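Enquirer: Generate coordinates for the sequence data below:
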Amino acid sequence: MGLCALLAAVADRHPARIAFVDQASKPAWCGRPAIAWTYAAAREIVARLAEGLSQLRLPPRSPVGLCMAGMAEAHLAFLAIEQAGHVPCPLPVTWDEDRLLQGIEAAQILAVLTQGVLGAERPAEKLCRVAVRYFPLRFIAAFGPHVPDGVLGLDQVVLDHRGDAGALGTGPAAGLVTFALPGGGPGAGGPPPEPAGIPVPVRREAEALTAAAAACLVPLRIEPGERILSLLPPSDLKGLATGLTAALLAGATLECHPVFDAGALSAALDQPVATHLIAPAWMEAGFSRTSVPGRLRTLAYVHRAPCRLSARLPGRAGIVDVVAFDEVALLCGRRDAQDVGLVLAAPERAASERAGLIQLRRDPDGRLSFRGPACESRMLRRGITLEENQDDWALTRFRASLFAGVATAIAEV
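Expert: Numbering: from 1, shown residues only. Next comes the predicted model:
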């Protein structure tokens, strides 16, 4: 089952439920209106975009890039690529021209959907320059304003096409490709620095993405109709599994804030709806000095290995940690008996309800391995030396550092 099938299932039963909500300050940084999309409206727009993409006559299951900030149009475009029978390949919109070229070439992307404006940046123009350097990139399409000449306007595609909303999700999903950037690490007191490694495409099937989101939903405890408010970009496993996929799987509302705005975030948190905030782990110190945690049902801090776990602050009930091991696996746990520090030190502590989705193994030297539907993936880039799996266990490049029976850090081997 792909994400379009999940969208259609909720739209059939709860068409008026809100699916996607834009950040209130969206017009200031991209020139597009902030819109709240119901599940029924989202299904209609996805069908129209998918019909427009089918007119490009790309070969079935072609890799199609998606280089956009985390706004509603990005979620709709991701679903449209899947519905058109192609493979969505999220590309971080913050990448520079050289990094985009590396990723597009490594994944052999044939088309890219993007946006015209992002603050002072012009993503569509940047991708036009990439296309000049990579001939196989055949099509670039963008949401306005400021769509360059020669770029297909996606706003016009929505107006010109009438897709079959009833057919949404009825075909097989082609999976997705995200990009691992080995060699990076967290910064001190701020966002992690951009890794220096070359992007490595990682392919996973739709079922693996859904399984990863399901494993995250166990500690997050998101109910239908509640809201996920995400501060993560929807361009990798951790952003997609805790954002778009989790929302569709739970029948919840997804609101992304791709540009941090304290006022807009505070106003969003004041709305009378049960909210689950997904935030980068480096923000924990700042949030702990505010009233933000008290206004939430769940506050999930997302770590990217390698990272320190000893710096975490004692928090109220409802604090969840999500640790991303490159694009291989996500390990999630509440800060109680299922705390990730305890599970990393003694994998047998892992909750039985997730055993069928993801399993963890810690070797005597501390090296970590995963297996299960939630972490099934494979590298696509040629020339990369990979260690072979052992008994279906996916080896990672990380080990756990232990102190007094608790994992205090995750370091590279």
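Enquirer: Spit out the contact partners of Glu327.
Expert: Going by Cβ atoms under 8 Å, 6 or more residues apart in numbering, Glu327 touches 178-180, 202, 204, 236-237, 377. The way it works is simple: take the backbone N, C-alpha and C, and place the C-beta from them, glycine included.
Enquirer: likewise Val413?
Expert: Per Cβ under 8 Å, 6+ apart, neighbours of Val413: 365, 367, 397-399.
Enquirer: Now do the strands in the stretch 201-350 of the chain.
Expert: Here the stretch 201-350 of the chain has its strands, by DSSP state E, counting those that start in this stretch, at 227-230, 253-256, 275-280, 298-304, 307-308, 319-325, 329-334.
Enquirer: Check which strands are paired with the shortest one and give the direction for each one.
Expert: When sheet partners are counted by DSSP bridges, strand 307-308 sits next to strand 406-412 (antiparallel).
Enquirer: got a list of contacts for the partner strand?
Expert: 185, 303, 305-310, 323, 325, 340-342, 344-345, 368, 397-402.
Enquirer: ok, now with 6 Å
Expert: Strand 406-412 is contacted from outside by 305-310, 341, 344-345, 397-401, using Cβ atoms under 6 Å, 6 or more residues apart in numbering.
Enquirer: And the average pLDDT for that strand is what?
Expert: The average pLDDT for strand 406-412 rounds to 93.
Enquirer: Centre of the chain to that strand, how far?
Expert: Between the centre of strand 406-412 and the centre of its chain there are 24 Å (Cα atoms, centre = their mean, to the nearest Å).
Enquirer: Confirm for me that Ala212 is in contact with Ala241.
Expert: Yes. Counting by Cβ atoms under 6 Å, Ala212 does reach Ala241; the two are 4.3 Å apart.
Enquirer: longest single strand anywhere in the chain?
Expert: The strand that spans the most residues within the chain, counting by DSSP state E, is strand 394-403.
Enquirer: care to break the chain down by domain?
Expert: The chain breaks down by automatic domain parsing into domains covering 3-174, 200-412.
Enquirer: Can you give me every residue that contacts Phe370?
Expert: Residues in contact with Phe370 (Cβ under 6 Å, 6+ apart) are 329, 360, 394.
Enquirer: could you check the distance from the nearest residue to it once chain neighbours are set aside over to Ala34?
Expert: Nearest non-adjacent residue to Phe370, counting by Cβ to Cβ, 6 or more residues apart in numbering: Ala329, 4.1 Å away. Using Cβ to Cβ, to the nearest Å, Ala329 is found at 34 Å from Ala34.
Enquirer: the more surrounded of these two?
Expert: Between Ala329 and Ala34, counted using other Cβ atoms under 10 Å, the more crowded position is Ala329 (26 against 16).
Enquirer: Check whether that one really touches Glu376, as I assumed.
Expert: No. Contact criterion Cβ under 6 Å: Ala329 and Glu376 do not qualify, at 9.7 Å.
Enquirer: Please pull out the lowest mean pLDDT helix or strand from this structure.
Expert: None of the helices or strands of the chain scores lower by mean pLDDT, DSSP states H and E than strand 378-379, at a mean of 88.
Enquirer: How far does that one sit from its chain's centre?
Expert: 18 Å.
Enquirer: List the strands paired with that strand, with their directions.
Expert: Strand 378-379 pairs in its sheet with strand 200-204 (antiparallel), by DSSP bridges.
Enquirer: Can you give the contact residues for the partner strand?
Expert: The contact list for strand 200-204, computed with Cβ under 6 Å, 6+ apart, reads 106-107, 175, 177-180, 327, 377-381, 384.
Enquirer: mind giving me JSON lines with these and columns for distance to Cys4?
Expert: Shown next, in JSON lines, are these (distance: Cβ to Cβ, whole Å):
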{"residue": "Ala106", "distance to Cys4": "26"}
{"residue": "Ala107", "distance to Cys4": "21"}
{"residue": "Gly175", "distance to Cys4": "13"}
{"residue": "Val177", "distance to Cys4": "17"}
{"residue": "Thr178", "distance to Cys4": "18"}
{"residue": "Phe179", "distance to Cys4": "23"}
{"residue": "Ala180", "distance to Cys4": "25"}
{"residue": "Glu327", "distance to Cys4": "22"}
{"residue": "Ser377", "distance to Cys4": "21"}
{"residue": "Arg378", "distance to Cys4": "23"}
{"residue": "Met379", "distance to Cys4": "26"}
{"residue": "Leu380", "distance to Cys4": "23"}
{"residue": "Arg381", "distance to Cys4": "28"}
{"residue": "Ile384", "distance to Cys4": "31"}
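Enquirer: From those residues, list the buried ones, please.
Expert: By neighbour count, with 16 or more other Cβ atoms under 10 Å, those hold 106-107, 175, 177-180, 327, 377, 380-381 as buried.
Enquirer: closest to Lys26 among those?
Expert: Of all these, Thr178 has the smallest distance to Lys26: 24.3 Å, by Cβ to Cβ.
Enquirer: measure the closest one to Leu159 for me?
Expert: From Thr178 to Leu159 the distance is 31 Å (Cβ to Cβ).
Enquirer: before we move on, the earlier item: between the domains of the chain, which has the poorest average model confidence?
Expert: Per-stretch mean pLDDT for the domains of the chain is lowest at domain 200-412 (a mean of 90).
Enquirer: Can you give the distance from it to the centre of its chain?
Expert: Its chain's average C-alpha position is 11 Å from that of domain 200-412, according to Cα atoms, centre = their mean.
Enquirer: try stretch 139-151
Expert: 24 Å.
Enquirer: just stretch 100-120 next, same as before
Expert: Remark: stretch 100-120 is offset 16 Å from the chain centroid, using Cα atoms, centre = their mean.
Enquirer: if we look at that stretch, which residues are touching it?
Expert: With contacts defined as Cβ under 6 Å, 6+ apart, stretch 100-120 is touched by 29-31, 58, 62-69, 77, 89, 91, 123-124, 127, 130, 133-134, 138-147, 177, 179, 198-199, 201, 381.
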